[in-house]
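Engineer: Build me a structure from this.
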Amino acid sequence: MRLLLIRHGETVDNVAGVYAGVRDSPLTAHGVLQASRLASHLTTHKISHIFSSDLQRAFKTAESIRLAQSKASAKTTKLQLLREQDFGFYEGKSYLERQKGTDKSGKDVHRADHSHEDGFQDIESKESMMARAVAFVGSFLTEHFQAEEETVVVVAHGIILSYLWRAVLKHFERSKIILGSGVVIGEGRGIEHLGGWANTGYLDLEIKRNAMTVQNLGGDSLEKPSPSNDPTRNPLEPDISNTVATPPQAPPAPKSTISDLSLVVKAVNSQEHLRGLKKTRGGIGSAKHDEKQQTMESFFKKRKIG
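Structural biologist: Presented below is the predicted three-dimensional model:
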């Protein structure tokens, strides 16, 4: 089985630098181009199943991938389980602002000013995020693990994707995890923390039987490094490492691993499809995508047909 964990294309809220967890932020014109590039790139894969967050930025990215296939799958399965972290009170508020005279982030500023107010909702907790990830993997992915000819795509969001990866990891013995050529884990980082996802970047995984060469990564989970020391972290993305909220009751974690299967990490945050892609200047690339707007390529195709 091939498993691709993909982040959506660039959104209006990404550009504006605001928290957009469960807000239904639309793709920018550039985000649509990113999704189109990714869709063309993945036509070399025969995709059997596509799962997506039900938020439009993920679903439209997933649909672009599905429709580019020579034989498109019947549908993209939309799920609330795959939504981004809920930022509660902070939804739509800037994570770029800083309190004057301090190094406090926008989140800390808002919490200090408003946490005492009635109805204040804090950020969704790590436990809640993990519960959703475990539920999705157990309910929708594990049944495909032993299907050698299948390629499954999951399109979601930068933060929930990191939890999905850890939920997948729970099903495999450490001695059966293999790093592909060119895949390197940063010093001081555990296999649980492979880094972040850029817009339309994807984690490329292969699940196969009886791998001949096995790299034993060993050890237990390592603490996540400080964001300031994490070279893969986008400095414009919010730091959500210390979140608090009451989690829903989590499903039990898998009690056993799949001993006859190996998990191969083939690529982390792969962005080969974006080589040479530049954002349209004048603010057009960063603006909300207009579905009625034609690309230059489609315009000339129509002129040629006529």
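Engineer: Report whether Leu141 is found in a strand, as I expect.
Structural biologist: No: counting by DSSP: H, G, I helix; E, B strand; the rest coil, Leu141 is located in no strand; its state is helix.
Engineer: okay, now it: neighbour count?
Structural biologist: Here the number of neighbours of Leu141 (other Cβ atoms under 10 Å) works out to 20. (Glycine included, C-beta is placed from N, CA and C.)
Engineer: what do you get for Gly276?
Structural biologist: Look at Gly276: counted by other Cβ under 10 Å, it has 6 neighbours.
Engineer: which SSE is Leu3 in?
Structural biologist: In this assignment (DSSP states H and E), Leu3 forms part of strand 2-7.
Engineer: in whichever helix or strand comes after that strand, what counts as buried?
Structural biologist: Following strand 2-7 in sequence order, the next helix or strand is helix 12-16 (DSSP H and E). For helix 12-16, the neighbour count (16 or more other Cβ atoms under 10 Å) marks Val12, Asp13, Asn14, Val15 as buried.
Engineer: which strands and helices sit next to the strand holding Leu3?
Structural biologist: With contacts defined as 3 or more Cβ pairs under 8 Å, 6 or more residues apart in numbering; DSSP states H and E, the packing partners of strand 2-7 are helix 56-68, strand 151-156, helix 158-169, strand 202-209.
Engineer: What strands line up against that strand, and which way round?
Structural biologist: Using DSSP bridges, the strands paired with strand 2-7 in its sheet are strand 151-156 (parallel), strand 202-209 (antiparallel).
Engineer: which residues are contacting that strand?
Structural biologist: Residues lying outside strand 2-7 but in contact with it, judged by Cβ atoms under 8 Å, 6 or more residues apart in numbering, are 38, 42, 45, 61-62, 65, 141, 144, 150-158, 161, 164-165, 168, 197-207.
Engineer: now with 6 Å?
Structural biologist: The set of residues that contact strand 2-7 without belonging to it, under Cβ atoms under 6 Å, 6 or more residues apart in numbering, is 151-155, 158, 161, 164, 197, 201-206.
Engineer: ok, so of those residues, who is nearest Arg174?
Structural biologist: Nearest to Arg174 among the contacts of strand 2-7, counting by Cβ to Cβ, is Leu205 at 15.5 Å.
Engineer: Now do the contacts for that closest one.
Structural biologist: Leu3.
Engineer: contacting residues for the residue lying closest to Tyr90 once chain neighbours are set aside?
Structural biologist: In space, not counting the residues next to it along the chain, Tyr90 is nearest to Tyr19; the distance is 4.5 Å by Cβ to Cβ, 6 or more residues apart in numbering. In this structure, Tyr19 makes contact with Phe87, Tyr90, Glu91, Lys93, Tyr95, judged by Cβ under 6 Å, 6+ apart.
Engineer: how about the buried residues of helix 12-16 in a markdown table, adding distance to Leu277 and pLDDT?
Structural biologist: As requested, the buried residues of helix 12-16 are exported to a markdown table (distance: Cβ to Cβ, whole Å; pLDDT from 0 to 100):
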| residue | distance to Leu277 | pLDDT |
| --- | --- | --- |
| Val12 | 18 | 97 |
| Asp13 | 20 | 96 |
| Asn14 | 16 | 95 |
| Val15 | 16 | 95 |
